[in-house]
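**Student:** give me a model of this one.
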Amino acid sequence: MVRCPALVGLFALSLGGCAALLTTSPEPVIPAYEVRVHNERLVRDGWIIAGAPSSGRLREVVGEGAVVISHSGPNMLGYDEDTLVRELGGAFSRTVYDEQELRDPVRRAEAYAPYREALSHEGPVYIHCNTGNKAGALWALFAWEVLGEPPHRALRMGLDAGLTAYRPTVEAVLGL
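**Tutor:** Predicted structure coming up:
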């Protein structure tokens, strides 16, 4: 498919036409602060879900104004992320839960609290666990129960965010 959007098209024409703009599918424009490493996934405008970030990556996202939500246990990453984020002046919250707790609506509501708070944050939101599985699971359920996504769409959102091993539990909660 040939694409010549107005401004880009004018620029391309000034360079000799649209031949350089051949593409099979449009790629989303993602600001540089959002996805920078292989295990990060953009799940919402400015919201990233990731597995085990390095301390250097947390320094970057906090420096860019991100709220950090961790689903990893304390010191699971080999450094004290809570202290690091707070020393950098960032906002940090930790919600640790297991697969069984995802089945409990009260426990899920508690786990959603930092996500609800982050909805009003005007900067990036960086959510992580050790692999992306727990964060992806909670993201799917949050999308369904809070954002109002239909169950199949919420599951797809969780899978896109890194949901793997907790998939059967998420499917059960979603009624799939």
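
**Student:** now for Gly123: which residues touch it?
**Tutor:** Residues in contact with Gly123 (Cβ atoms under 8 Å, 6 or more residues apart in numbering) are Gly46, Glu64, Gly65, Ala66, Val67. For glycine as for every other residue, the C-beta is placed from the backbone atoms N, C-alpha and C.

**Student:** could you list the domains of the protein?
**Tutor:** What automatic domain parsing lists as the domains of the chain is 1-30, 31-174.

**Student:** out of those, deepest packed?
**Tutor:** Neighbour counts (mean count of other Cβ atoms under 10 Å) averaged over each of the domains of the chain peak at domain 31-174, with a mean of 18.

**Student:** distance from that one to the middle of the chain?
**Tutor:** 6 Å (Cα atoms, centre = their mean, to the nearest Å).

**Student:** avg pLDDT for that domain?
**Tutor:** The pLDDT scores in domain 31-174 average 91.

**Student:** need the per-residue pLDDT for Leu13.
**Tutor:** 39.

**Student:** before we move on, back to that, for the contacts of Gly123, which two are the farthest from each other?
**Tutor:** Spanning the widest gap among the contacts of Gly123 are Glu64 and Val67, at 10.8 Å by Cβ to Cβ.

**Student:** related to what we said a few turns ago, JSON lines please, covering the contacts of Gly123 and showing distance to Val96 and secondary structure.
**Tutor:** Compiled in JSON lines, those are given as follows (distance: Cβ to Cβ, whole Å; DSSP: H, G, I helix; E, B strand; the rest coil):
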{"residue": "Gly46", "distance to Val96": "24", "secondary structure": "coil"}
{"residue": "Glu64", "distance to Val96": "25", "secondary structure": "coil"}
{"residue": "Gly65", "distance to Val96": "25", "secondary structure": "coil"}
{"residue": "Ala66", "distance to Val96": "20", "secondary structure": "coil"}
{"residue": "Val67", "distance to Val96": "17", "secondary structure": "strand"}
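
**Student:** distance of Val43 relative to Ser120?
**Tutor:** To Ser120, Val43 is 17 Å away according to Cβ to Cβ, to the nearest Å.

**Student:** same check, this time on Arg94
**Tutor:** Plainly put, Arg94 is 20 Å away from Ser120 if you go by Cβ to Cβ.

**Student:** same question for Ser72.
**Tutor:** Counting by Cβ to Cβ - Ser72 and Ser120 are separated by 24 Å.

**Student:** ditto for Thr164
**Tutor:** Counting by Cβ to Cβ, the gap from Thr164 to Ser120 is 30 Å.
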